[in-house]
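Colleague: sequence unavailable; structure follows:
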């Protein structure tokens, strides 16, 4: 049976910076990874485009959509769903949320990903995780669209926010993304409006690789790693071996 | 190569109630599990014995040692080391700590276990974890007894304290111990001084089994489990798949 | 003057598992205890019913209402108010909240009860407590329906959630419910859709009884207790003796 | 260029008790300080008025507006904007929030002020800060009303709530308001409906002055201070000297 | 049977400022209250004395002892025990701690009191509470001086520190000390070396009285109170009525 | 009057990686910056040296001392004091601590710097901050070495630990170190035993520069910055303007 994963991204580019490596790595292992972009980040995360002459909301959204599609392809995303719900602020009404539940149920993810639970700089981010938790719960309800396959209990990983310490985000899992680094870098380079972040998130991956090595043994057998990503788990794991 | 684990237990019985299942399970998988009892809990956790006529410290310690040895055997412990350092309070001087470091280095554990980091009821418990962290660090130092094999970066799991919420302990890992439950129960029944805890910790295992099921899928595919144990990880994991 | 209490329960069964003992105990002392069920838990907490052939939302709600009424009677609830607002997700608009305020003002509770403030598994729970705090505040406003009796400052007790540690819930009060245990068990047994929870919450009561004993004196004079419930207080107490 | 500041106050009097000194002090230094009162606190913070015969909502609002205007004048407020959005509960729809964004953009504050992030007694307070953070974010979006001057990154100071410890509020900045104390006291005395708070907040200022002295050197060179206010910063500072 | 209480105070004056009201109130109710001063605060809390010509450590200690005795008498303390262990830093070796255990066992307190658990300004304070918890645990051990009466499970109340928010101290209990206020003030006025704190802690008591009123009903039936003290409980309460 | 600062570093290299920029910047402004290295990190942070043939503790310490002196010179340190107290674990007895107090009193720092308050990887680090707080307190005591100049209330900045999120460290202050970057890099390059950290901490500085820009205005007027350092303050600030 095919394994699946679902990334819920507030704005079009978040899935690239924050978990592009995880996407590419799992796609390479045969996972079908669906990315749900709630908005394009068209108002709040496209400063460079808005500084151009004659820019309009539609043009920004088109540009951002193009970038997101290119990045998704570079990462091997199975399906990219752009809900185009608007940003700054992002708001989902009941029917929008029902669509998110539909996606969750359709994908039946082995794991989900979203933003940190606190972000005073960007309320869209924490709102998205709140929605993700609510929709995960609804997807688990036997009385919601009875007859559909009900969701199990997938982990929700919180991917890395900008300025981690300000968000109270603490990674408990480091993933080695060295084998797919070129894909992540290529996906980042699709984001023409945020060129200054290419190197920023390259350095993030290098620092996390250092943490990967330290936590896998450090100077005494730590595994070499060039690029990594960090995640915080919301729920406990269930295991047969520690 | 044989896998190993190391449990650092403040008092003689802690390793039984709190991680007896993990010990038996991993022993069954071929791990060599070493248990380090810093004290016998002779003063503070042997009320029943002290209520007997003519009791002395030596008699209590002998009784507790006997119980610990029997329990260790029931669980398949590879080696039980009783340091006999005294309890209520437990105090380790520099040479005691050096012995703990020696054990860590000798065992070279894949993972370690100890108490919660906070416990206002029982300061021996939090002190033990503080010592465990310090000694883990020393065991990683290349300049400590140069020439010895240096420790890597084993996880430190904090096993379940009594009254979890008062200790700020939050489990992130549930381990299914159903296959070895009879061994854990047998080990608990070696603890004649604390009969009232046999059923208490049986119920703990049943509640954790419920949590195991919920977190592995709940009503929609959750795996059935009759007995489980919970653990909190101090350090992040390093993985190749989420 | 009759003392009163108000329980605000997200779903029909929460008041039974989480504070059925407190209800029965205080009813026995002459309190008039009102239970406000915001929903029946018809979509999200009735899996067993939904697995039956030909089930409909109305049938589930009717069954759950029947169970809640039977349980309320078993506990000696003064009045059970079912608002039937829907679950998974639960949402209260302004007029729904005004009705909650009306109930609070009518009851004039000596204390209130609701869910933990955080629950990533069940956003209805934390939402309910948010609503309870908002409505408590409105009930205290002299300008809300001027002329009505204004609410004082009743304690809000947060009753025990499932998987306490994941919710950041920490009990500061243990209530001995041994004298009314049979009533709580009887009320639980009215919940035919959740048979697996009868024993689960029986064990919870037994574990809390152990904590009651420990915190009332332990091995040196602790009071024997067979069943207890735990609560977390939101507000400070005001006393004349410590 | 004129420096500016913006205070977002849930109810008409909050800006007086909580940051009246900061307002007067900065006004005296040439800042143009705008105060945005989202409501008059007419329902929830006007108990004394409601106890009068024949009181109506309009009369209460008029009285509270008068008090707020008098206090603002006493403090040297540049502009007092009363949005009259209702209180207990306070709710802002999208267009209300857009007006808040408009104000932020118009003022272009060097710093902003609002309530603590948690307040179980008064959900209007924490809601206001949530709105302040959201609107600050929108004001920073290049795609929101393109062509307008985009907001930089002003600090958001959380002013002192009632019962600080219950709110999880921790001041990191003490401001000496001794030079403008008479103005703050005069502004407080405009609040005829809350006479009991005049001395309460005078004592708050005296206690904070003690903290100012302690943290500026205490017995060894601490600066004398008679009245102070405390603030908690949401965002990090950027400096060229520590 | 006489009820008893035990206050463990790092320095000679702490018991006066922080719980003088609780002492006098309970003494008036017939409790025998023992105060254990670990040091005189002779080095770190006697700045005024040290500024006098020709001062010596012995003179300071004598003066502080005299003040403490006078204050204890004013409050109706049953026994004042000055251990004279030195301050800044305070350090207790094993035999000092054994003496503390002896006192706890002798007093058999219904409740204990000590400092906040965190205090970056004054490490003696947090150290004292750490010692109090350890010694409480030892006093509960049946194997410590077998034959002595073993301690039950008295509450440990943390009294109010200076600059509460910096210490992470959160009161959960307000005690009305109005009936004994004159005694507390008189005791404070015995502290000639810290005259500036007389009014400071008078204001603290007035602010806490406001909180007492708010939490007992506020504008709708809150009980009038002129002076109060606040306390944080370490352990849960066990009750028969909420 | 010359301004001064004091850095308390657990191991010889910490002051370089964690606050080398702050040292060089303030030295350039005329501050006399004293660096107190409690140990050389000879056992625990010199793995590369220990892997060489024929290494001894004395050789390692000599090499580390040389590196520290060279780095100090590169940064413009006023005085480097190496206490040579041993590491892994670091332990200070009473006389060692008195020496630290002496240094604090002699320097009379405008601000102090040390490690994060929590570090499960490296207990020397958190121990050092505990010592720094205790010694700061003693230096403030009028009765400690009466006649000496008593310490005021300098800020204690906690510099950046490795793996910040695991330490619960949250920066509240970003310092632009661009003007002295070459000096910090030169100082880092004196650390021959930890070559792999040169680039690691260069990236840290680049990431913090991004945070500096964001928090000083971001896309709308944020100040350009190439290298920065972050710090967490223990104590509140006292100011005359926000």
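Modeller: Received the coordinates, thanks. Keep in mind the model is a prediction, meaning the values are calculated, not measured. Numbers count the residues shown, from 1 in each chain, chains lettered A, B, ... in the order given.

Colleague: and the strands in chain A, which stretches?
Modeller: A:4-9, A:32-37, A:79-82, A:111-114, A:155-158, A:173-176, A:228-233, A:237-239 (DSSP state E).

Colleague: out of those, nearest to residue D:88?
Modeller: Closest approach to residue D:88 among these is made by strand A:111-114 (33.4 Å; Cβ to Cβ). (Each C-beta comes from the backbone N, C-alpha and C, glycine too.)

Colleague: mind giving me the packing neighbours of that closest one?
Modeller: Under the contact criterion of 3 or more Cβ pairs under 8 Å, 6 or more residues apart in numbering or on different chains; DSSP states H and E, strand A:111-114 touches strand A:4-9, helix A:14-28, helix A:123-139, strand A:155-158.

Colleague: distance to residue B:169 added to the ones you listed, as a markdown table?
Modeller: Listed next are the helices and strands packed on strand A:111-114 as a markdown table, based on distance: least, Cβ to Cβ, whole Å:
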| stretch | distance to residue B:169 |
| --- | --- |
| strand A:4-9 | 30 |
| helix A:14-28 | 29 |
| helix A:123-139 | 23 |
| strand A:155-158 | 21 |
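
Colleague: which one of those lies nearest to residue A:42?
Modeller: Per Cβ to Cβ, nearest to residue A:42 of the helices and strands packed on strand A:111-114: helix A:123-139, 11.9 Å.

Colleague: what angle do the closest one and helix D:123-139 make?
Modeller: Interaxial angle of helix A:123-139 relative to helix D:123-139 (axes from the mean of the first three to the mean of the last three Cα atoms, to 10 degrees): 120 degrees.

Colleague: quick check: buried residues in helix A:123-139?
Modeller: Within helix A:123-139, the residues scored as buried using 16 or more other Cβ atoms under 10 Å in any protein chain shown are A:123-139.

Colleague: related to what we said a few turns ago, quick one: closest of the helices and strands packed on strand A:111-114 to residue C:98.
Modeller: That would be helix A:123-139 among the helices and strands packed on strand A:111-114, by Cβ to Cβ, at 23.8 Å.

Colleague: please state the offset of that closest one from the chain centre?
Modeller: Here helix A:123-139 is found 13 Å from its chain centre; the criterion is Cα atoms, centre = their mean, to the nearest Å.

Colleague: that one and chain F, are they touching?
Modeller: No - Helix A:123-139 does not reach chain F (Cβ under 8 Å from any Cβ of the partner chain); its nearest approach is 14.4 Å.

Colleague: coming back round to it: switch the strands of chain A over to JSON lines; also include mean neighbour count and mean pLDDT.
Modeller: Output for those, formatted as JSON lines (neighbours: other Cβ atoms under 10 Å in any protein chain shown; pLDDT from 0 to 100):
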{"stretch": "strand A:4-9", "mean neighbour count": "25", "mean pLDDT": "98"}
{"stretch": "strand A:32-37", "mean neighbour count": "24", "mean pLDDT": "98"}
{"stretch": "strand A:79-82", "mean neighbour count": "18", "mean pLDDT": "98"}
{"stretch": "strand A:111-114", "mean neighbour count": "26", "mean pLDDT": "98"}
{"stretch": "strand A:155-158", "mean neighbour count": "23", "mean pLDDT": "98"}
{"stretch": "strand A:173-176", "mean neighbour count": "24", "mean pLDDT": "98"}
{"stretch": "strand A:228-233", "mean neighbour count": "25", "mean pLDDT": "98"}
{"stretch": "strand A:237-239", "mean neighbour count": "18", "mean pLDDT": "98"}
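
Colleague: if we compare the ones you listed, which one ends up closest to residue F:176?
Modeller: With Cβ to Cβ as the measure, strand A:228-233 is the member of the strands of chain A nearest residue F:176 (26.8 Å).

Colleague: mind giving me the packing neighbours of the closest one?
Modeller: If contacts are counted by 3+ Cβ pairs under 8 Å, 6+ apart, strand A:228-233 sits against helix A:14-28, strand A:155-158, strand A:173-176, helix A:196-215.

Colleague: show the pLDDT at residue A:91.
Modeller: In this model, residue A:91 is scored at 98, pLDDT.

Colleague: residue A:85 is in contact with that one, correct?
Modeller: Yes - using Cβ atoms under 8 Å, residue A:91 makes contact with residue A:85 at a distance of 7.1 Å.

Colleague: which bits of chain A sit near chain D?
Modeller: Within reach of chain D by Cβ under 8 Å from any Cβ, chain A has these residues: A:42-44, A:46-47, A:50-51, A:55, A:57, A:60, A:87-89, A:91, A:120-124, A:166.
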